[in-house]
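In: Based on what follows, work out the 3D shape:
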Amino acid sequence: MRAVVQRVSSARVLVDGDTVGAIGRGVVVLLGIAPEDADPEVSWAADKIAHLRIFNDADGKMNLSLLEVGGEALLVSQFTLYGDARRGRRPSFVKAAQGPEAERIYEKVKEALSGLGIKTATGRFGAMMKIELTNEGPTTILLDSNKTF
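Out: Numbering: from 1, shown residues only. This next block holds a predicted model:
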C-alpha cells in the first residue's frame, strides 16, 4: 500500500462538477493499493495516517498528529501511485490492485480511519476526479507499507 499524505487547511474532491467529499483542516490521502494488500496493510495505513506527527505545536514544530489536532481526512483512490515508468514512456500499472478487490481494501481503510475517530470523506472510487486543496507548509509525506521509500 502506498499513500501520499498532504497536510491541508481545506480540500474537496469533485466528480462531474459536483463536490462528493470535502474537509477542513486535516490531510488529503492519495491511496494506492497493491494486489497483495490485506488487513495488516489496512491497519498499518490507518494507524500511520492518524498518528503521523505533521501538524505544528505551540512552538511551531511538527509535533502533533491528526488525532491530536482533531483533523479530518479526505481519502482518494489513486492506482497511479503504482505506476512504473522505469522503462519506456508509458507507465505500467500491473502492480496496482484492480476493480472490486482494490475498492474493498480502499473502503476498509476508510472504515479504519473512521474507527479511530477521524472524520473521513472520500472521492468516488474509479471516477475521474478533480481535487482542490490548500496544502499547508507545503507538507507532503510519502508512505509505503513495504518501506521502499
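In: so what's the most centrally placed residue in the chain up against?
Out: By CA atoms, centre = their mean, the chain has its centre lying nearest to V29, at 1.9 Å. The contact partners of V29, by CB atoms under 8 Å, 6 or more residues apart in numbering, come to A3, V4, V5, Q6, I49, A73, L74, L75, V76. C-beta coordinates here come from the backbone N, C-alpha and C atoms, glycine included.
In: Ok, Q98 next?
Out: By CB under 8 Å, 6+ apart, the residues touching Q98 are P35.
In: quick one: pLDDT of it?
Out: Looking at Q98, its pLDDT is 92.
In: swap in the one 5 residues further on?
Out: Taken from the predicted model, the pLDDT recorded for E103 is 98.
In: Show me the contact partners of stretch 63-72.
Out: The contact list for stretch 63-72 (CB under 8 Å, 6+ apart) reads 23-27, 49-57, 73, 116-121.
In: go again using 10 Å as the cut-off
Out: 5, 7-8, 10-11, 21-29, 49-58, 73, 113, 116-121 (CB atoms under 10 Å, 6 or more residues apart in numbering).
In: what's the answer for stretch 36-44, then?
Out: By CB under 10 Å, 6+ apart, stretch 36-44 touches 1-2, 31, 33-34, 45, 95, 97, 101-102, 104-113, 143, 145-146.
In: T120 contacts K110, correct?
Out: Yes - the criterion here is CB atoms under 10 Å, and T120 meets it with K110 at 5.4 Å.
In: so what sits against both of these two?
Out: Joint contacts of T120 and K110 (CB under 10 Å, 6+ apart) are V29, A46, A73, L75.
In: Among the residues you listed, which lie within strands?
Out: Of the shared contacts of T120 and K110, the ones assigned to strands by DSSP state E are V29, A73, L75.
In: What residues sit buried inside the helix or strand containing E136?
Out: Using DSSP states H and E, E136 sits within strand 130-144. For strand 130-144, the neighbour count (16 or more other CB atoms under 10 Å) marks I131, L133, E136, T139, I141, L143 as buried.
In: Understood, closing this out.
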